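**Student:** okay, structure incoming, though there's no sequence with it:
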């Protein structure tokens, strides 16, 4: 109960900040669930970052950014790509990479001109089918 109350206070402070809040890698599985549930009720995005013992939970206040990003990325058809702005905060850049990875998409930085997100799912199979159907 104390953990939930303290976490709730921290997440309340995060709301409206466009920032992020990193939780320690030592959280138990139940504590991680508490963070995910509380953050979701406040419209915050939570992502796990890192690997192994360094894996930690990070909560982000991105407003509607994550929802809009998922919508944009889901519109990318196999074999296509979409260029995204370079005017993202550090938290938004992390979300681009994480959400794209969750959706099976690839991200390439274009330096100062943003990011390009590629949908390569099914692309190999479609290309092989097309090559098989060529009259040579």
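**Tutor:** Here it is on my side, so go on. Quick caveat: nothing in here was measured; it's all calculated off a predicted structure. Numbering: from 1, shown residues only.

**Student:** quick one: contacts of the helix or strand bottoming out on mean pLDDT in the chain?
**Tutor:** Least confident helix or strand, the chain: helix 123-132 with a mean of 80, by mean pLDDT, DSSP states H and E. Helix 123-132 is contacted from outside by 78, 79, using Cβ atoms under 8 Å, 6 or more residues apart in numbering. C-beta coordinates here come from the backbone N, C-alpha and C atoms, glycine included.

**Student:** name the residues of that helix that are buried.
**Tutor:** By 16 or more other Cβ atoms under 10 Å, helix 123-132 has no buried positions at all.

**Student:** begin at 41, not 1, for the rest of this chat.
**Tutor:** Sure, I'll start counting at 41 from here, so that last one is helix 163-172.

**Student:** distance from it to the middle of the chain?
**Tutor:** Centre-to-centre, helix 163-172 and its host chain are 29 Å apart (Cα atoms, centre = their mean, to the nearest Å).

**Student:** show me where this protein has helices.
**Tutor:** 42-54, 69-81, 105-114, 130-142, 163-172 (DSSP state H).

**Student:** between those helices, which one is nearest to residue 95?
**Tutor:** helix 69-81 (9.8 Å; Cβ to Cβ).

**Student:** and that closest one, how far from the chain's centre?
**Tutor:** Distance, centroid of helix 69-81 to centroid of chain: 17 Å (Cα atoms, centre = their mean).

**Student:** can you spell out which helices and strands pack onto that helix?
**Tutor:** Applying 3 or more Cβ pairs under 8 Å, 6 or more residues apart in numbering; DSSP states H and E, we find helix 69-81 packed against helix 42-54, strand 85-89, strand 96-100.
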